[in-house]
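Colleague: generate a structure from the sequence data that follows.
(chains A and B)
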Amino acid sequence: MRQSSLFTKTKKEVPKDEAAKNAQLLIKAGFIYKEMAGVYAYLPLGLRVLEKIKQIVREEMNAIGGQEFIMSAIQRKELWEKTDRWSDDNVDVWFKSALKNGTEIGFGWSHEEPITELMKQYLTSYRDLPTYVYQFQTKLRNELRAKSGIMRGREFIMKDMYSYSLNPEQHQKFYDAVIEAYLKVFSRVGLGEDTYVTFATGGAFTQFSHEFQTITDAGEDVIYVNREKHIAVNEEVMSDKVLEELGVTKEELEKVKTAEVGNIFNFGTVKCEQLGLSIVDAQGQSVPVHLGSYGIGITRLMGVIVEHFSDEKGIVWPKEVAPFQVHLVSLCKEEADVAKADALYKELQGAGVEVLYDDRDVRPGEKFADSDLMGMPLRIVISPRSLESGQVEFKYRASGEETMVAFEQVVSELN
RNA sequence: CGGAGUGUAGCUCAGUUGGCUAGAGCAUCUGGUUUGGGACCAGAGGGUCGAAGGUUCAAGUCCUUUCACUCCGACCA
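Modeller: Residues are numbered from 1 along each chain as shown, chains lettered A, B, ... in the order given. Take a look at the predicted model:
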């Protein structure tokens, strides 16, 4: 994409009402726009990052048998009454409205109820199990206080997956597969080192649920980790008894701030019993289904990545989620040089390289500052100076390493 | 929802005890000079001073109400 046609612009100063580093950088660099507290628009560059993250998640969910679809954001009141989660006393994040005829509706803050209702039409036999479905959905939550930029919004995108299993064994098998898949996701987006499967409150069905917590000062949670054993326990379930069960001592644990990027639950059969989802087993008996719920906050994950990968100059996108792999920065002015820059741009595009081409007529300093701020993994500078020797300059955003590459060798150098 | 703070140009901000046509920097536009780390010179456009009501000869400034935003806390299946 030519930067001269990109409608967004970078800013030198950020709005003073934005304190979170992730939002400051993303706004400065033109990736997001703040509509109101906790509500952000994703601009072209930001959208590309979101899509990159979604694609990684999609691949890993498909790999363990997930089927993607998408539900509605508008939900019926009746379903939530069946599980006693419609009342504002029980769930305080509801956005609610009403149809013209007075029928009350809610805007989905979660989808366990409606999806299970939907599944009643399709899951009728033990032969239909297990079934795994997931979606990327905009969740709406009327948070009392939005904070931390895109890490805790009132409107955000979540990948939520649900498993319908015949029995505890079948459920557990998938649950374990999800843990592995999630770890792959966080590893692929560059957060593997600092993301821990964390024991957390499990609710009524199991002793623990599992959270995926990424170490970051911007986080809202506190967990205790043992980096060597890669064991982590949420502060809320820390006790001598728990530590003993996990085989670690307090002294071996380090207290860290984290952001929850994923969470998985076992609902047992309770939810399906409440909503009336049962199937006929091999013996011809009607039995309730085991439900599991698995979430990854896509937009939050983007925020955590920015918090994690940035320096004083701007964002440092991991290759896997960068909006473009290459930022081609042209300092060329003369017609012949510009033609060479254009040619290189086309060549890169032709080779399937995602390239943002800074063809703007602005001074070099501004281009470099913008390039650092926007944070593509590789910057290729083409200028009269470099072309004198028939070369371009490669500069890697993360390491700062610079090398000169012959004009003709650029594409092959990238492979 | 409790506590604290802030609303003046697209962004960051100044504006004294109420007083003349509301300012600066950045950004934008025009012309010129520049061209490897956010340049410089000259000029231009851009404002119902968050909103509503009130006091006053006179309100960005004082009073009342209200809305929004930020931070701390509580909350976060």
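
Colleague: now do the helices in chain A.
Modeller: A:21-28, A:44-63, A:77-82, A:112-119, A:168-188, A:240-246, A:270-275, A:298-308, A:335-350, A:364-374, A:384-388, A:410-414 (DSSP state H).

Colleague: pick the most deeply packed of these.
Modeller: Comparing the helices of chain A by mean neighbour count (mean count of other CB atoms under 10 Å), helix A:298-308 ranks first with a mean of 26. Where C-beta positions appear, they are placed from N, C-alpha and C, glycine not excepted.

Colleague: quick one: residues in contact with that helix.
Modeller: If you take CB atoms under 8 Å, 6 or more residues apart in numbering as the criterion, helix A:298-308 is touched by A:20-23, A:25-26, A:40, A:46, A:49-50, A:53-54, A:57, A:136, A:148-153, A:156-159, A:189-191, A:194, A:214, A:216-219, A:259-261, A:315, A:317-318, A:321.

Colleague: next: stretch A:32-50.
Modeller: A:1, A:6-8, A:15, A:18, A:23, A:26-27, A:29-31, A:143, A:146-147, A:149-150, A:152-155, A:157, A:298-299, A:302, A:317, A:321-324, A:374.

Colleague: I'd guessed A:L253 sits against A:V233; true?
Modeller: Yes - counting by CB atoms under 8 Å, A:V233 is a contact partner of A:L253 at 7.2 Å.

Colleague: now stretch A:82-89: buried residues?
Modeller: A:83, A:85-86 (16 or more other CB atoms under 10 Å).

Colleague: what's the closest of the residues you listed to RNA strand B?
Modeller: A:R85 (8.0 Å; CB to the nearest atom of the strand).

Colleague: need the per-residue pLDDT for the residue nearest the centre of chain A.
Modeller: Central residue of chain A (CA atoms, centre = their mean): A:I298, 2.5 Å from the mean position. As predicted, A:I298 sits at a pLDDT of 97.

Colleague: what's the distance between A:Y357 and RNA strand B?
Modeller: In this view, A:Y357 and RNA strand B are 16 Å apart by CB to the nearest atom of the strand, to the nearest Å.

Colleague: typed the wrong thing, it's A:E273
Modeller: As judged by CB to the nearest atom of the strand, A:E273 and RNA strand B stand 17 Å apart.

Colleague: you'd agree that residue is up against A:H290?
Modeller: No - under the criterion of CB under 8 Å, A:E273 makes no contact with A:H290, lying 10.6 Å away.

Colleague: about what we covered before: let's see which of the buried residues of stretch A:82-89 end up in strands.
Modeller: Among the buried residues of stretch A:82-89, no member is found in strands (DSSP state E).

Colleague: can you narrow these to ones near RNA strand B?
Modeller: For RNA strand B, no contacts are drawn from those by CB under 7 Å from any atom of the strand.

Colleague: on that earlier part again, now intersect the contacts of helix A:298-308 with the strands, please.
Modeller: Per DSSP E, the contacts of helix A:298-308 map to strands at A:40, A:136, A:156-159, A:214, A:259-261, A:315.

Colleague: got JSON lines for the residues you listed, with neighbour count, distance to A:S72 and pLDDT too?
Modeller: Putting those into JSON lines (neighbours: other CB atoms under 10 Å; distance: CB to CB, whole Å; pLDDT from 0 to 100) gives the following:
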{"residue": "A:Y40", "neighbour count": "25", "distance to A:S72": "22", "pLDDT": "94"}
{"residue": "A:F136", "neighbour count": "19", "distance to A:S72": "14", "pLDDT": "98"}
{"residue": "A:F156", "neighbour count": "24", "distance to A:S72": "17", "pLDDT": "95"}
{"residue": "A:I157", "neighbour count": "21", "distance to A:S72": "15", "pLDDT": "96"}
{"residue": "A:M158", "neighbour count": "21", "distance to A:S72": "15", "pLDDT": "97"}
{"residue": "A:K159", "neighbour count": "24", "distance to A:S72": "17", "pLDDT": "98"}
{"residue": "A:T214", "neighbour count": "27", "distance to A:S72": "30", "pLDDT": "96"}
{"residue": "A:A259", "neighbour count": "27", "distance to A:S72": "28", "pLDDT": "95"}
{"residue": "A:E260", "neighbour count": "21", "distance to A:S72": "26", "pLDDT": "95"}
{"residue": "A:V261", "neighbour count": "27", "distance to A:S72": "25", "pLDDT": "96"}
{"residue": "A:I315", "neighbour count": "25", "distance to A:S72": "34", "pLDDT": "97"}
